[in-house]
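Asker: The following block contains a protein sequence and its predicted model.
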Amino acid sequence: MISRSITVFKPLISRRCASIDYLVSAIPPLPKPVQPKIPIQPQKSKEWIKEIIAPSKLNEIFKAPEYQQFTTPEITKSQTFFNNSKVELEWTLADYDEIPDVKYERLSKARQERYEEMDPYNKTEYDETIANSKKSFGINPRHLRPLPEVLIMGHTNVGKSSLVNSLLVGNKKGVNKSAELAYVSSRAGYTKTLNCFNIGSKLRFVDSPGYGRFGDDKQGKAVIDYISHRTQLKKVLVLVDSVEGVKEEDMYIVDHLVNEGVPFDLVFTKVDQVIYKFIPRKSIKQGSQPDVEKINENIVNYYKEILFDSNTLEMALSPRIFFTNARVNKYVPEAFGTKEIRCSVLQNCGLL
Ligand SMILES: Nc1nc2c(ncn2[C@@H]2O[C@H](COP(=O)(O)OP(=O)(O)OP(=O)(O)O)[C@@H](O)[C@H]2O)c(=O)[nH]1
Ligand SMILES: [Mg+2]
């Protein structure tokens, strides 16, 4: 039955197909779309910027063999600690002797001495109570609590206060990234006192006045006293301006730290300026793709030369060396290099 109906309709089907063929061939071809002429643009892709050597890569290259690379769990732990801890300015002082616990020790010793020097026949119970008093001479008892301390030091204008801000503000939740804990200024010699920040009641950071040009003898004495006498001091960050390089004063400080047996790290600040210096900006403007490998090689060689000249690499116990930038530019879009410094600090304070 089915085959019969196909036989009946076959002529009809073939006629219909032929008419469709005719129709299709009768349609005139569409005109080819005219491609608008695009003028040749200079290379716009900024992908190469991502290939520029990052401060963390410089940390790796200049890591002394005796140190381990920080692990991902260590970095996560230190990031969590700093990002979640409350930071507060505890004290601002020009003299080492005025530091709360140093002052407390001094005053209570004087009180005890006064009592012991008193004529035994005239000593009253009241005098004894005063001598043994736990009163803190008006000092906030919170500031007397012993905590591990980290000192940030370096030449004037090297970026000490900026680094304190980067380390302590960082990616803190609910805090404006540009918030300033330590005051920053382009005027060298801006920080004139020791400024102490309490971090989550677990450790303290002490920002210091710079030495060298625009430094001041009295301020220098406060810092040197601090290094020489402070038993809570667990780590010093010696900052070096990447553009200026290691100076004679820096090496004097380094020698002093070695003699006092205080652990320290060398931190190169303003890495953004070194990177900027090696970017062939003129040829980029003219549209050519820069040779990133060459840029990176130049940056590494620049630091190799600085370190070679400073003799820091020949020390019996090499310091850890870190690279960081607190400011950004077109080619260095983020503030880099704080994660590793945070880890190093916590490690020396026994908190990692
Ligand atoms: N380009 C660049 N500039 C920076 C960086 N860190 C700090 N600066 C600038 O350097 C200047 C000095 O910065 P501060 O953080 O005040 O330096 P300091 O060492 O505390 O200076 P003093 O307290 O005067 O000894 C300011 O203008 C900062 O913005 C950095 O990583 N890159
Ligand atoms: Mg400062």
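Answerer: The structure has been received and is ready for your questions. Ligands and ions are numbered 1, 2, ... in the order given.
Asker: what does the stretch 251-352 of the chain have sitting close to ligand 1?
Answerer: 269-270, 272-273, 325-327 (Cβ under 6 Å from any ligand atom). C-beta here means a position set from N, CA and C on the backbone, and glycine is covered the same way.
Asker: The same query, at a cut-off of 8 Å, please.
Answerer: 269-273, 324-327, 329, 335 (Cβ under 8 Å from any ligand atom).
Asker: do the chain as well
Answerer: Residues of the chain lying near ligand 1 (Cβ under 8 Å from any ligand atom): 154-165, 182-192, 207, 209-210, 214-215, 239, 269-273, 324-327, 329, 335.
Asker: repeat that for 6 Å
Answerer: Close to ligand 1, as judged by Cβ under 6 Å from any ligand atom, the chain has residues 154, 156-162, 184-186, 188-191, 210, 269-270, 272-273, 325-327.
Asker: From these, which land in helices?
Answerer: 160-162, 272-273 (DSSP state H).
Asker: Is the residue in the stretch 201-350 of the chain that ligand 2 sits nearest to bridged to anything, and to what?
Answerer: Ligand 2 sits closest to Asp207 of the stretch 201-350 of the chain, with a gap of 6.1 Å, by Cβ to the ion. Beta-bridge partners for Asp207, by DSSP bridges, are Ile152, Asn195.
Asker: count of residues packed around it?
Answerer: 24 (other Cβ atoms under 10 Å).
Asker: just the one 3 residues further on next, same as before
Answerer: Gly210: 27 surrounding residues under other Cβ under 10 Å.
Asker: Stretch 106-116: which residues count as buried?
Answerer: Buried residues in stretch 106-116, counted by 16 or more other Cβ atoms under 10 Å: 108, 111.
Asker: Would you mind listing what in the protein touches ligand 2?
Answerer: The chain comes close to ligand 2 at residues 160-161, 191, as judged by Cβ under 5 Å from the ion.
Asker: and the end-to-end length of stretch 195-212?
Answerer: 19 Å (Cα to Cα, to the nearest Å).
Asker: So for that stretch, what gets flagged as buried?
Answerer: Buried, per 16+ other Cβ under 10 Å, within stretch 195-212: 195-199, 203-212.
Asker: Please identify which pair of those residues lies farthest apart.
Answerer: With distances taken as Cβ to Cβ, the most widely separated pair in the buried residues of stretch 195-212 is Asn198 and Gly212, at 28.6 Å.
Asker: picking up where we left off before, adding pLDDT, neighbour count and distance to Glu314, write the residues of the chain next to ligand 2 out as JSON lines.
Answerer: Output for the residues of the chain next to ligand 2, formatted as JSON lines (pLDDT from 0 to 100; neighbours: other Cβ atoms under 10 Å; distance: Cβ to Cβ, whole Å):
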{"residue": "Lys160", "pLDDT": "96", "neighbour count": "28", "distance to Glu314": "26"}
{"residue": "Ser161", "pLDDT": "94", "neighbour count": "23", "distance to Glu314": "31"}
{"residue": "Thr191", "pLDDT": "87", "neighbour count": "22", "distance to Glu314": "32"}
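Asker: How about the secondary structure of Phe197?
Answerer: Phe197 falls in the strand class when you classify it by DSSP: H, G, I helix; E, B strand; the rest coil.
Asker: who touches the residue lying closest to it once chain neighbours are set aside in this structure?
Answerer: Spatial nearest neighbour of Phe197, excluding adjacent residues (Cβ to Cβ, 6 or more residues apart in numbering): Phe205 at 4.6 Å. Applying Cβ atoms under 8 Å, 6 or more residues apart in numbering to Phe205 gives the contacts 149-150, 152, 164, 167-168, 196-197, 199.
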